[in-house]
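J.: Make a model of this:
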Amino acid sequence: MRSISAIAILALAMPSTTLGFQISPASSRVLSTSLYSKPINNINEAIDRRSAIHQIGTAAAGVSLSSLLLSSDAALAAQDYDDEKKKRILITGSNSGIGLDAAQRIALRGHEVILACRTLEKAKQAADKIKTNIANDSLDAVDAIVKIKALKVIPVECNLADLASIDSFIKDWKQTQSGAMFDAVCYNAGIARNTEAKEILRTKQGFELTVGTNHLGHFYLNHVILPLIKENGRIVVTASGVHDPDSPGGAQGVPATIGDLSGFEKAVMTGDKRFDMVDGGQFNADKAYKDSKLCNVLFTRELQRRLDDRRSSVKVNCFNPGLIVGTGLFRDQNQIFTKVFDVAATNLLKVGETTHWGGGALEYMTLSSMVGGHGGLYYTSPPGSSKYGDEAFGREFRVSEVSKEAKLSDGGKAKLFWELSEKLVGV
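T.: Numbering: from 1, shown residues only. The predicted model follows:
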């Protein structure tokens, strides 16, 4: 920024009646933003400051905006993305990490992004953060105002650790947004307990917190939102390489396995839903996270099989964003160690990825024409691929094999996994 602060830009960009969001009278959970114009690159090369301000004020009169769309990062893979038809995309966990970055990338392309976060306050803060980031990254004040006015982001509350919150989100969405359909939904939110944690934390329904949030929360959300996904729509699941014991990350500590699903089975049989581990073993916080990521992969493959059986055109794929230490996922770890490890993994050893690159991976999975044709697949890349930037998507970052257990689970075990998940969430 050259001459004006981000706060001043945000104030200029907002309607005179509000500096925040307009709350729909039908609900305090689902919020809408003003509809803005699309961003313009290199605005000073095309129009002077006065004419730019004039265009901002008269955008509704018919400025053609589809050609004014991409930031430099997104332009790298523009040939693979169809931005002509604007889409409605929901992203869980969009208040931090790769979810926030992907939300900003996608919104800058002119698509509507629903920021689904644990609380409404976190979702509103995410929307404000996106605007502040854009203001700070813009060429000048005029460029920032145009881009901010182009955004259409909707903050909503959807707490995956409480099935009632998910129900409330869907109910409010149908009431306040007339049941507007989604082009894509991204099951991205996730938590990882401190690896040394001994206490078993639980969701509102009594599930072990990590698997209960990362898998069962998204499983239930998928159940209630699937009828609202358009034909040829997409479901994107943020998984992880640690689901595979043969991967570098998955080989550390106790490896992922859902075993014979005895933990799930016992929780269903007793009716109390209070499993400690999916496989019925003793609680291990590190393994619980790895298991949840294996659940994400199994969910992806079994859901696609079921969609195919129904002759649905919806495609579901999952991906590994790589080792990204500098995200909210590591908030419960030792922070001094986390900071040191982040620098070492990303800058020294070159095996970590940046948050911005991870956001690009989620954007690619959601929008690229190279992804949407097939489902049930797992995408990943060699460690350190973020050094290639967005050019890695479709090259280093591509379809790969899932773990042996995930492949061997196709059929009977995956079917049982799905049915037990249904019984646990009550569908």
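
J.: quick one: residue 185 and residue 87 touch, right?
T.: No - counting by Cβ atoms under 8 Å, residue 185 stays clear of residue 87, with 11.0 Å between them. No exception for glycine: its C-beta is placed from N, CA and C like everyone else's.

J.: ok, these two, which is more surrounded?
T.: Taking other Cβ atoms under 10 Å, residue 185 and residue 87 do not tie; residue 185 has more neighbours (28 against 20).

J.: Identify the residues contacting the more buried one.
T.: 89-90, 221-222, 225, 229, 233-236 (Cβ atoms under 8 Å, 6 or more residues apart in numbering).

J.: Out of these, which comes closest to residue 265?
T.: For the contacts of residue 185, the minimum distance to residue 265 (Cβ to Cβ) is 21.6 Å, reached by residue 222.

J.: ok, so of the contacts of residue 185, who is nearest residue 310?
T.: residue 229 (12.5 Å).

J.: Per-residue pLDDT of that closest one, please?
T.: Here the pLDDT value assigned to residue 229 is 98.

J.: Show me the helices in the stretch 151-300 of the chain, by range?
T.: 163-176, 209-211, 218-225, 262-270, 285-309 (DSSP state H, counting those that start in this stretch).

J.: Now render the ones you listed as TSV, adding mean pLDDT and distance to residue 133.
T.: Shown next, in TSV, are the helices of the stretch 151-300 of the chain (pLDDT from 0 to 100; distance: least, Cβ to Cβ, whole Å):
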stretch	mean pLDDT	distance to residue 133
helix 163-176	97	25
helix 209-211	98	29
helix 218-225	98	26
helix 262-270	98	41
helix 285-309	98	28
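
J.: and those, which is most packed in?
T.: helix 209-211 (a mean of 25; mean count of other Cβ atoms under 10 Å).

J.: which helices and strands does that one pack with?
T.: Contacts defined by 3 or more Cβ pairs under 8 Å, 6 or more residues apart in numbering; DSSP states H and E place helix 209-211 against helix 285-309.

J.: The helix it packs on: what's the following helix or strand?
T.: As assigned by DSSP states H and E, the chain's next helix or strand after helix 285-309 is strand 315-319.

J.: what's next to that next one, contact-wise?
T.: By Cβ under 8 Å, 6+ apart, strand 315-319 touches 232-239, 296-297, 300, 303-304, 307, 361-362, 365, 371-380, 397.

J.: what about residue 379, which helix or strand?
T.: strand 378-380.

J.: Averaged pLDDT, that strand. What do you get?
T.: 98.

J.: immediately after that strand, which helix or strand?
T.: strand 398-400.

J.: Return the list of helices and strands in contact with the strand holding residue 379.
T.: For strand 378-380, the elements it packs on are strand 315-319, strand 398-400, judged by 3+ Cβ pairs under 8 Å, 6+ apart.

J.: which of those sits most buried?
T.: Stretch with highest mean neighbour count among the helices and strands packed on strand 378-380: strand 315-319 (a mean of 25; mean count of other Cβ under 10 Å).

J.: Enumerate the sheet neighbours of that one, specifying parallel or antiparallel for every one.
T.: Using DSSP bridges, strand 315-319 pairs in its sheet with strand 229-238 (parallel), strand 378-380 (parallel).

J.: do you know which of those lies nearest residue 253?
T.: strand 378-380 (19.8 Å).

J.: How about residues contacting the closest one?
T.: Outside strand 378-380, the residues that touch it by Cβ under 8 Å, 6+ apart are 239, 241, 297, 300, 317-320, 322, 361, 365, 371, 397-402.

J.: hmm, back to that, gap between the strand holding residue 379 and the chain center?
T.: Distance of strand 378-380 from its chain centroid, counting by Cα atoms, centre = their mean, to the nearest Å, is 15 Å.

J.: In it, which residues are buried?
T.: Residues of strand 378-380 classed as buried under the neighbour-count rule (16 or more other Cβ atoms under 10 Å) are 378-380.

J.: from those, which single one is nearest residue 180?
T.: For these, with residue 180 as the reference and Cβ to Cβ as the criterion, the closest is residue 379, at 28.1 Å.

J.: need the buried residues of strand 378-380 in JSON lines with distance to residue 133, can you?
T.: Putting these into JSON lines (distance: Cβ to Cβ, whole Å) gives the following:
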{"residue": "378", "distance to residue 133": "30"}
{"residue": "379", "distance to residue 133": "26"}
{"residue": "380", "distance to residue 133": "27"}
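
J.: closest to residue 214 among the residues you listed?
T.: Looking across the buried residues of strand 378-380 and measuring by Cβ to Cβ, the closest to residue 214 is residue 378, at 16.1 Å.

J.: now do the same end-to-end measure for stretch 138-156.
T.: This stretch, stretch 138-156, spans 27 Å end to end (Cα to Cα, to the nearest Å).

J.: what's the closest non-adjacent residue to residue 180?
T.: residue 88 (6.3 Å; Cβ to Cβ, 6 or more residues apart in numbering).

J.: what's that neighbour sitting at in phi/psi?
T.: phi -110, psi 120 (degrees, to the nearest 10).

J.: Let me see the ranges of the strands in the chain.
T.: 22-23, 31-32, 88-92, 112-117, 153-157, 182-187, 229-238, 315-319, 378-380, 398-400 (DSSP state E).

J.: relative to strand 88-92, how tilted is the longest one?
T.: This points to strand 229-238. Here the directions of strand 229-238 and strand 88-92 differ by 30 degrees (axes from the mean of the first three to the mean of the last three Cα atoms, to 10 degrees).

J.: Test my guess that residue 394 contacts residue 368.
T.: Yes - using Cβ under 8 Å, residue 394 is in contact with residue 368, at 6.9 Å.

J.: which regions of the stretch 101-250 of the chain sit below the pLDDT cut-off?
T.: Nowhere does the stretch 101-250 of the chain drop to pLDDT under 70.

J.: sorry, back to before: right, so the strands of the chain: which one is the most enclosed?
T.: strand 112-117 comes out most buried of those by mean count of other Cβ under 10 Å, with a mean of 28.

J.: Which strands or helices does it pack on?
T.: Strand 112-117 packs on strand 88-92, helix 97-108, helix 120-137, strand 153-157, going by 3+ Cβ pairs under 8 Å, 6+ apart.
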